[in-house]
Every structure is written in structure tokens, then in C-alpha cells.
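Sequence and predicted structure, then a few things I'm wondering about:
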Amino acid sequence: TTQELRRFKMQHEKWVFDRVESGKELNNKGIYKVKFENIGIFNEKCSVPLGRINVAVGDDDLGLNTFCNIISCFSNVRHWNLFYRRFLSKKTGIDRASIEIFRASEQRSTHVRISPQTHDRELSHLKVRKNRIHIEVDQKPSIDWPRSEFNIVHFNDQHYRLPGGPQDSFVNCIRYLADIFSTTEDLLWDSLRDDFFASSLFGYRVRRNGWRRLSVLVPDGRKFYLPHTSLSFTEQQFLFLEISIALHKCHKSKGSWMFIFDLVFFNRMDNNKKKILHTRK
């Protein structure tokens, strides 16, 4: 019948579109594999495949935070410096450490390897020697590492107050995003206005109302704006995520991006927010 033919046609079109979409994803997988050994509690060589959405659950004692830091260290000077100070700054932490990361995009594939630099034999007797690492990008020495070939935002502890830090912890979030997106804090604060959130993912709206001050419309049915300092901890976290996604959408780097959430941050989302985040292209 005509109705059946239409149904068959719609099913066939959906099958074709799904195949085309999967073909694009096949060549644009982003970071799809990480290998590492002798980093933190990981003494043996590990190889972890990654997909579009990855969920790793466990306590810090199992190395969950270490694993997230291993991936994020490839993306930015800030992430790299934190990782280096924590895991590689001591001689015992750098002598046998090794990390490899693999990324595929429509343009090309990239392979980065971090390993200890071999000391000259005539220097091996010295008790005090500078720890060095050797970094290769596509099997060639890298002279300007770290570069922003790997775009990663790590939602971890930015929203917690640090000793000696600003009283308004949200300033730390903006400072972090300015580093990740290679801009200045002032330019980032100046960009936070209503038109910047015209296509808001979760429905937040923002107005700038002073130096390091924002008024926020929370998508919970209220029709009035609130100072960002009066928002709850969870609402400020979602605002942080909303701003990150808005920056990602307008950033000049159009390659693959990876968002890493720690378990506490992720668990604060309700099922609807998780679904919106997972289905976003």
C-alpha cells in the first residue's frame, strides 16, 4: 500500500543518513586511544580505547583522577604544568614514565609520545642532574610543546576556593577558561552578555553588571536575574559548564573537543541535563 511504501522509504532514508553520519565519525574520532605506564599508581603498561562518550567510575585510590589528568595534560600549558608538578617533577617520577596519545580527525591523524630523555653516558655518574623529558609529535621532536592541538576542558576543582585565591570562586572558573581558550580574563568577562547565550544549551541567560559581576537568569521558571554570587554551588557549576560550551561553539579551533567531568561534577546533573549533554553534536 501507499502507507507501507512511505514507511519503507522513511526507514531507508534513516538508514542512509545513519550510515553517512557514522562514516563522518569514523574519520573524526578525536582522541581514541591512550597508552601510559609508571604514572602515579599505574606501574604496568596500560592501553585504554576511547569513544565519543566515555564513563570511568571509581575512587581516586583506583587512579581515576590520575587517568583524567593524563589525558588533559596534552591540551594546554596550564594542564601540562599541573600534571608535570604532580607526576614528573621528581626524579623517581620521570625516569620510567611514558605516555602516548592517538587522535584522528578529518584532516589528519596525530600521535604524541612523552618519555624520559636518555642522559649522556658521561653524565650518568652525577648525583644531581636535571630531569628532562622527550616529546615527539608524529615521531618528530617537538620544540614548542605543549601546543593546543588537543582541545580539552577538564571540569575538576576550579569552583573550589583555594588558599590565597579570590573570595569569589567563580573568578577561578573564568580564569581557567581564559587559559584554556587562549584569551584574557577581561575579554572573556566582556563577552558574557545576552547575545552570547542566544543558543544556550541549558537555558541560562547572562548580563554583565559590573567589574567581575554577572546577573544570571536561571532556567527554573523564574523571570528575574540574580547576582551570580547568590546562586547555589550547583547552579554556578552549571553556569560554568554553559559558558564553556558557548565558548567552544564560537572558538576558532573547529577540531574535536573533549570535556572531562569528575564524578562529583557529573553527579550534580539530573537525567535531563545528562541527556542534553550526551546528545549534543
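Good, I have the coordinates.

Tell me the secondary structure at residue 114.
strand (DSSP: H, G, I helix; E, B strand; the rest coil).

OK, contacts around it?
By CB atoms under 8 Å, 6 or more residues apart in numbering, the residues touching residue 114 are 97-100, 133-135. The C-beta positions use only the backbone N, C-alpha and C, and glycine is treated the same way.

And residue 111, by the same measure?
Contact partners of residue 111, counting by CB under 8 Å, 6+ apart, are 100-103, 137-139.

Break the protein into its domains for me.
Structural domains assigned to the chain are 28-141, 151-279, following automatic domain parsing.

State the mean pLDDT of the last one.
Summarised as a single mean, pLDDT over domain 151-279 is 82.

Show the end-to-end separation of it, please.
19 Å (CA to CA, to the nearest Å).

when you give positions from now on, start the count at 410
OK, 410 is where the count begins now, so the last one is domain 560-688.

Any chance of the contacts of residue 520 in a markdown table with secondary structure and pLDDT as columns?
Converted to a markdown table, these look like this (DSSP: H, G, I helix; E, B strand; the rest coil; pLDDT from 0 to 100):
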| residue | secondary structure | pLDDT |
| --- | --- | --- |
| 509 | strand | 88 |
| 510 | strand | 86 |
| 511 | strand | 86 |
| 512 | strand | 82 |
| 546 | strand | 78 |
| 547 | coil | 76 |
| 548 | coil | 76 |
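
right, and the domains of the chain - which one's nearest residue 420?
For residue 420, the closest of those is domain 560-688, at 21.2 Å, according to CB to CB.

Check the offset of the closest one from the chain's centre.
From the chain centre to the centre of domain 560-688 is a distance of 13 Å (CA atoms, centre = their mean, to the nearest Å).

Show me just the buried residues among the contacts of residue 523.
Applying 16 or more other CB atoms under 10 Å to these, the neighbour count classes 506-509, 544 as buried.

Roughly how far does residue 420 sit from residue 641?
Distance of residue 420 to residue 641, computed by CB to CB, to the nearest Å: 46 Å.

Kindly report the same for residue 451.
For residue 451, the distance to residue 641 - CB to CB - is 36 Å.

These two: which is more packed in?
residue 451 (15 against 9; other CB atoms under 10 Å).

which residues in the stretch 510-659 of the chain form strands?
Taking DSSP state E, counting those that start in this stretch as the test, the strands found in the stretch 510-659 of the chain are 518-525, 542-546, 549-550, 560-564, 614-619, 622-626, 635-636.

Partner strands of the last one and their direction?
According to DSSP bridges, strand 635-636 has the following sheet partners: strand 622-626 (antiparallel).
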